[in-house]
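following is a predicted model, sequence given first.
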Amino acid sequence: MNTKAMQTPDSLASIVNEVTRDCLITPSRRISRVVTKLFDQELRPFGLSSSQFSLLVLIARLDGASRADIGRANHQERSTSTRNLQLVLDQGWAEEIIPVKGRTRPVVISQAGRDLLAKAMSAWRAAQAQARHLLGVDGASAIVQVSTGLPVEELAG
């Protein structure tokens, strides 16, 4: 007999109680939105969003990675990665190198991107301090530790 078919469905109150008590996605998304807003507000005077700032740092760190490698390292679907990367390229903050041979086109940070990161660091530091205050030492450390341990994923879509 299929025991799953015989189980009684959870009541709405039971579902709400369990999700409210144990859900990881809802609070992690809420934290993400609040922290993102802090960084966006600080970086806005530089014409940057927090996602663009993070992407520029990733491009600089990977130093010549392909679009696919950047997307994988950033845990983004191909369409999201392509759209975000194109905005950075269009602003002239990064460049795609046309290879003499081969198909891979490495993406590198441009001088304009380097200059922008240098100018925006004071804003990043201010947002970082606000976020650390909001999250507390343990919360901030936990986020960094979990993030560092995430595996690089294959691009979806």
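That came through fine.

going forward, measure contacts and count neighbours with C-alpha atoms only.
OK.

before we move on, which element is residue 51 in?
With secondary structure defined by DSSP states H and E, residue 51 is part of helix 50-62.

just say helix, strand or coil for residue 119.
With DSSP: H, G, I helix; E, B strand; the rest coil as the basis, residue 119 sits in helix.

and it, how far from residue 126?
Going from residue 119 to residue 126 by Cα to Cα, to the nearest Å gives 13 Å.

the two: who's more crowded?
More crowded of residue 119 and residue 126, by other Cα atoms under 10 Å: residue 126, with 15 against 12.

so the more buried one sits against residue 42, correct?
Yes - using Cα atoms under 8 Å, residue 126 is in contact with residue 42, at 7.2 Å.

give the contact list for residue 49.
When the contact criterion is Cα atoms under 8 Å, 6 or more residues apart in numbering, the partners of residue 49 are 39-40, 43.

dump those to TSV, plus pLDDT, secondary structure and neighbour count.
Output for the contacts of residue 49, formatted as TSV (pLDDT from 0 to 100; DSSP: H, G, I helix; E, B strand; the rest coil; neighbours: other Cα atoms under 10 Å):
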residue	pLDDT	secondary structure	neighbour count
39	98	helix	23
40	98	helix	21
43	98	helix	22
